[in-house]
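[1] Provide a 3D model corresponding to the input given below.
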Amino acid sequence: MAEAQFWIGVHAVIAEHRRIVVLRRAARMPYRPGHWDLPGGHLALGEEFEQCLMREVAEETGLEVEIERMLGLHKLPPDPYVQALYACRPAGERRALKLRPDEHIEGRWVSLAELAAMRDLIPYLARMLKLGMLDYLK
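    Predicted coordinates for the structure are as follows:
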């Protein structure tokens, strides 16, 4: 089998009171515009997973988080992405989301039931829900 380039993404399941943060991707985003996603982004060369996660969450939501644990890895062929998924909780006082409109046009705190009813979930998030990776929040 031939080797191919792929991206490593880190994503935060930021949970509080059985609700998590989801963000709707802006129309200008090349991958899945308009889809609901978790905060996170691509790992930069020389960057630690946790360092990347905290940077991306701060940039995309304005929140500071504490990382509780890694939930797992996800890869859904044929997409060239591997996601490292982390359970997090907010640190500090801030809970209101401060979005970057060039990346996300909407952000919400949602329950798992609300998440399951949402349309246009990004594929890895829909699969996490289906596989029960978020059931610890019930």
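[2] Does residue 83 touch residue 74 like I think?
    Yes - Residue 83 is in contact with residue 74 according to CB atoms under 8 Å; the separation is 4.4 Å. For glycine as for every other residue, the C-beta is placed from the backbone atoms N, C-alpha and C.
[3] Neighbouring strands - and their directions - for the helix or strand where residue 9 lies?
    In the assignment (DSSP states H and E), residue 9 maps to strand 7-16. Paired strands of strand 7-16, with direction, are strand 19-25 (antiparallel), strand 40-42 (antiparallel), strand 81-91 (parallel) (DSSP bridges).
[4] Please list all residues in contact with the closest residue in space to residue 80 that isn't next to it in sequence.
    Spatial nearest neighbour of residue 80, chain neighbours left out: residue 6 (4.2 Å); criterion: CB to CB, 6 or more residues apart in numbering. With contacts defined as CB atoms under 8 Å, 6 or more residues apart in numbering, residue 6 is in contact with 80, 81, 82.
[5] still on that earlier bit, flag every buried residue along the strand holding residue 9.
    9, 10, 11, 12, 13, 14, 15 (16 or more other CB atoms under 10 Å).
[6] same question, stretch 35-45
    35, 36, 37, 38, 39, 40, 41, 43.
[7] middle-most residue in the protein, spatially?
    residue 38 (2.3 Å; CA atoms, centre = their mean).
[8] circling back: touching both of residue 83 and residue 74, which residues are there?
    In contact with both residue 83 and residue 74: residue 124, using CB under 8 Å, 6+ apart.
[9] Who are the contact partners of residue 63?
    So residue 63 contacts 14, 21, 39, 57, 90, 92, 94, 95, 97 (CB under 8 Å, 6+ apart).
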